[in-house]
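In: Take a look and give me a structure for this.
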Amino acid sequence: MGSYCELYLDSYQIDTTKSYIHPFWSCIFKERDRVSRQVHFSEYYTKALYGDDLVPTNEYCAKVSVIKKRLGLLGYTLSKTKERYDIRLKEKIEETEFGLDEYPYEHLQVDLKYFKQLLSGGFSYWVDLAKEIMFDRKLNSWAVEPGNGKDDDICLWAVDNPEDMFLGFPEESYGYFLRAALEATDDNAELCLDITSLVHAGYYTEHELVCENTAKGHVNSTREFEKIILLTEGSSDSAILSRSLKVLYPDLVDYFSLMDFGATKSEGGSSALERTLKSFAAAGINNKIIAIFDNDAAGKSAIKRLGTIPLPANIRVIALPDLESFTKYPTIGPQGNTMEDINGRACSIELYLGEDVLLNNGNLIPIVWKGFEPKVSAYQGEITEKDLVQNRFYDKLKHSEKTGKINDKQWHGMQSIFDLIFQTAGDM
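Out: Alright, predicted model coming up:
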């Protein structure tokens, strides 16, 4: 007969599967999301299982804000979702009009009417309708019919054919539908996968790593399950990004893999990263790969050279972001001590570690100008006392790792780097 698991958005059931979880769910839930509550047995069973009336649940729950970020890393961004909404509705209108030329059935005329209504209203109109169905009136989505709304405008009629358009969303891809549905509720609401009945029925064991094992079972066949590879110029960059990711965005750690320079004994620098990237491209690696160069003259030169060769669509090249605070920074060079705009000329990762680790006696540790990079017509600059800056940052890291406390002002630089990484991953 089988048992079922359900996916709930803010306590509203939006999907269900029989016997096993949908593989896509293991893309967006991680073992850190596993929770258990004590509830009355009547929520799941016809009689008590133990000495009292309470039974434990087996669930994966994460805030909507976290799920949005995870979906973005998989490529299901809000901007892409809105784009797919328009594209697919236009395609469905064209397909339906073509069908009506051959078969003037009444149901096709109804479909055409509501496809046009959804397109005219736009994405926000669909979100409002979904919100009314799911949360304002808590309707059973599987029973909604055209014109069943209080103002005859509820047209998310296709729920009786979920393989086509669940809740009337025109894009069949599950990721785009889910990203759209998240817009109908608050960021602090939760998306929960309830596998209690499957565990009780023996499909999974009590302590089995359900999502992790499901993802591993599909990783070789589906791009969505593969980690995003981050390539940096050296071991210190990789270590800083890896540990900072765990502190700033612990819910997104499992989506990335950073190259371990210590284990591979790889050389560092922009030229080495450029060669590594070319090797990865030639090898035909399918993972999403983001190469992160320093925001300096050497990094910009390497990026300019890479721009002359065709790279696969799964490989992106970025430089550390420009920041307003770098437009007037102390430097030492042939002209003496000056305040310069060092964006694109001297911004290694150390410059993003926070002003609190860059200050010496109230003054920013300066940049010293070195060789000229003809490719970008700029001098290469490097921060003095690099080891001191890194050691101070590692002390700050240890404090945040121990206490879990983050001062956003002191972490603004690192947050700006990850914002760029997340955006790049989502756009791929």
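In: can you give me the strands for the stretch 1-150 of the chain?
Out: 4-9, 12-18, 34-35, 38-40, 54-56, 59-63 (DSSP state E, counting those that start in this stretch).
In: who's in contact with the second one?
Out: Which is strand 12-18. 2-8, 22, 134-135, 138, 141, 166-167, 178, 181 (CB atoms under 8 Å, 6 or more residues apart in numbering). No exception for glycine: its C-beta is placed from N, CA and C like everyone else's.
In: go again using 6 Å as the cut-off
Out: Under the contact criterion CB atoms under 6 Å, 6 or more residues apart in numbering, strand 12-18 has outside partners 2, 4-7, 134.
In: from these, which single one is nearest Leu231?
Out: Leu7 (34.8 Å; CB to CB).
In: wouldn't Lys131 be in contact with Ala184 here?
Out: Yes - counting by CB atoms under 6 Å, Lys131 does reach Ala184; the two are 4.0 Å apart.
In: more crowded one of those two?
Out: Ala184 (24 against 15; other CB atoms under 10 Å).
In: Need the three-state assignment for that one.
Out: coil (DSSP: H, G, I helix; E, B strand; the rest coil).
In: Got the confidence number for it?
Out: Predicted confidence (pLDDT) for Ala184: 94.
In: thinking again about what came up before, would you format the strands of the stretch 1-150 of the chain as TSV with distance to Lys396 included?
Out: Output for those, formatted as TSV (distance: least, CB to CB, whole Å):
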stretch	distance to Lys396
strand 4-9	37
strand 12-18	41
strand 34-35	31
strand 38-40	40
strand 54-56	40
strand 59-63	26
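In: Out of those, flag the one nearest Ser400.
Out: Using CB to CB, the nearest of the strands of the stretch 1-150 of the chain to Ser400 is strand 59-63, at 20.6 Å.
In: quick one: strands adjacent to the closest one?
Out: strand 34-35 (antiparallel), strand 190-194 (antiparallel) (DSSP bridges).
In: May I see the ones you listed organised as a markdown table, with distance to Val127, mean neighbour count and mean pLDDT added?
Out: Formatted as a markdown table, the strands paired with strand 59-63 follow (distance: least, CB to CB, whole Å; neighbours: other CB atoms under 10 Å; pLDDT from 0 to 100):
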| stretch | distance to Val127 | mean neighbour count | mean pLDDT |
| --- | --- | --- | --- |
| strand 34-35 | 28 | 16 | 94 |
| strand 190-194 | 16 | 22 | 96 |
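In: mind giving me JSON lines with these and columns for distance to Gly344?
Out: Conversion of the strands paired with strand 59-63 to JSON lines gives the following (distance: least, CB to CB, whole Å):
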{"stretch": "strand 34-35", "distance to Gly344": "45"}
{"stretch": "strand 190-194", "distance to Gly344": "40"}
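In: Nearest to Tyr379, out of the ones you listed?
Out: Comparing those by CB to CB, strand 190-194 comes nearest, at 50.3 Å.
In: relative to strand 12-18, how tilted is the closest one?
Out: Inter-element angle recorded for strand 190-194 and strand 12-18: 30 degrees (by axes from the mean of the first three to the mean of the last three CA atoms, to 10 degrees).
In: any idea of the mean pLDDT for the helix or strand that strand 190-194 is followed by?
Out: Downstream of strand 190-194, the next assigned helix or strand under DSSP states H and E is helix 196-201. In this model, helix 196-201 has an average pLDDT of 90.
In: export helix 196-201 as PDB, just CAs?
Out: In PDB, the C-alpha atoms belonging to helix 196-201 read as follows (Å, rounded to 0.1, in the frame of the first residue of the first chain):
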ATOM      1  CA  THR A 196       7.800  10.500   9.800                       C
ATOM      2  CA  SER A 197       5.500   8.000   8.100                       C
ATOM      3  CA  LEU A 198       8.300   6.700   5.900                       C
ATOM      4  CA  VAL A 199      10.500   6.100   8.900                       C
ATOM      5  CA  HIS A 200       7.700   4.300  10.800                       C
ATOM      6  CA  ALA A 201       6.900   2.100   7.800                       C
END
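In: just checking, what packs against that helix?
Out: Helices and strands touching helix 196-201, by 3 or more CB pairs under 6 Å, 6 or more residues apart in numbering; DSSP states H and E: there are none.
In: buried set for that helix?
Out: 196-200 (16 or more other CB atoms under 10 Å).
In: Of these, just say which sits nearest to Gly51.
Out: So of the buried residues of helix 196-201, ranked by how close each gets to Gly51 (CB to CB), first place is His200, at 16.8 Å.
In: quick one: the closest one from Thr57, how far?
Out: From His200 across to Thr57, the span is 10 Å (CB to CB, to the nearest Å).
In: Check Leu306 too.
Out: 50 Å.
In: again with Glu172
Out: 31 Å.
In: the more surrounded of those two?
Out: Applying other CB under 10 Å to Glu172 and Thr57 shows that Thr57 carries more neighbours, namely 18 against 13.
In: can you give me phi and psi for that one?
Out: phi -90, psi 160 (degrees, to the nearest 10).
In: That one is in contact with Val35, isn't it?
Out: No - assessed by CB under 6 Å, Thr57 is found out of contact with Val35, at 7.7 Å.
In: quick one, what contacts Asp296?
Out: 345-347, 380.
In: repeat that for 7 Å
Out: 345-348, 380-381 (CB atoms under 7 Å, 6 or more residues apart in numbering).
In: I'd like those residues written out as CSV, with pLDDT added.
Out: Below are those laid out as CSV (pLDDT from 0 to 100):
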residue, pLDDT
Arg345, 95
Ala346, 95
Cys347, 96
Ser348, 96
Gln380, 92
Gly381, 94
